[in-house]
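[1] here's my sequence, what's the structure:
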Amino acid sequence: MNATGVWTPPRSAISNNFGALLDRLETKHGIRNLDQAGFEAFLGEAGNGVALLTEEPDASPESWDIAVLFPELLTAAGTGLRAAVLRPADARIVQQRFGVGRLPALLFVRDGGYVGVIEGMHDWAEFVAEVAAQLHKPVTRAPSIGITVTAASAACH
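    Next up is the predicted model:
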């Protein structure tokens with residue numbers, strides 16, 4: 001039970017170890033772990049960048065898989081792509097801001113602008129091809145600017 005008396009399932013071992021996996025991305029591969037302020041700086045840097053937006057593995061097991069594959073995807077891209085990872089709480093904020101449909105996702109940026117997104121896990125060859133395609137797309141407007149849209153009330157005319 002949590003503090004409000006509602007039962008919540010225990011976190012799995014994978015979710016409990018997810019933070020350590022993300023830490024290793026930084027220490028072993030030089031992939032920056034970013035919070036919101038760090039993401040803003042990352043977004044504004046020159047050149048191509050990709051941010052791995054994660055979700056808790058208990059909610060989306062693909063997050064673990066993509067985090068493990070992320071360094072290999074960067075190597076396959078072979079472009080000196082700037083790379084970062086956002087942990088779930090910060091990733092959800094960026095998800096809303098850029099209209100990302102689901103996590104985990106790879107968010108591609110260039111020179112302060114939005115390029116595109118790859119959501120979820122993919123077959124290896126498809127993943128590599130999609131990453132390459134993102135690097136050749138033009139900067140465009142993000143699908144969402146972070147404003148929550150709600151249905152209008154029937155009394156509101």
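
[2] when you work out contacts or count neighbours from here on, use the C-alpha atoms and nothing else.
    Noted.

[3] who does the residue nearest the centre of the chain form a beta bridge with?
    In the chain, the centroid-proximal residue (CA atoms, centre = their mean) is Leu53; its distance is 1.4 Å. Note on Leu53: beta-bridge partners Leu86, Ala105, judged by DSSP bridges.

[4] what's the distance between it and Val6?
    To Val6, Leu53 is 29 Å away according to CA to CA, to the nearest Å.

[5] what's the helix or strand for Gln95?
    helix 88-97 (DSSP states H and E).

[6] quick check: buried residues in that helix?
    Under the neighbour-count criterion of 16 or more other CA atoms under 10 Å, helix 88-97 has 88, 90-92, 94-97 buried.

[7] which elements pack onto the helix or strand of the chain with the lowest mean pLDDT?
    When the helices and strands of the chain are compared on mean pLDDT, DSSP states H and E, helix 13-29 comes out lowest with a mean of 86. Packed against helix 13-29, as judged by 3 or more CA pairs under 8 Å, 6 or more residues apart in numbering; DSSP states H and E, are the following elements: strand 32-34, helix 62-77.

[8] reformat those as TSV; add mean pLDDT and mean neighbour count.
    Rendered in TSV, the data for the helices and strands packed on helix 13-29 read as follows (pLDDT from 0 to 100; neighbours: other CA atoms under 10 Å):
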stretch	mean pLDDT	mean neighbour count
strand 32-34	96	19
helix 62-77	94	17
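
[9] where does pLDDT dip in this protein?
    With pLDDT under 70 as the threshold, the chain has low-confidence stretches at 1-3, 7-15, 144-157.

[10] quick revisit: for the residue nearest to the centre of the chain, give me its contacts.
    For Leu53, the contact set (CA atoms under 8 Å, 6 or more residues apart in numbering) comprises 85-88, 91-92, 94-95, 103-107.
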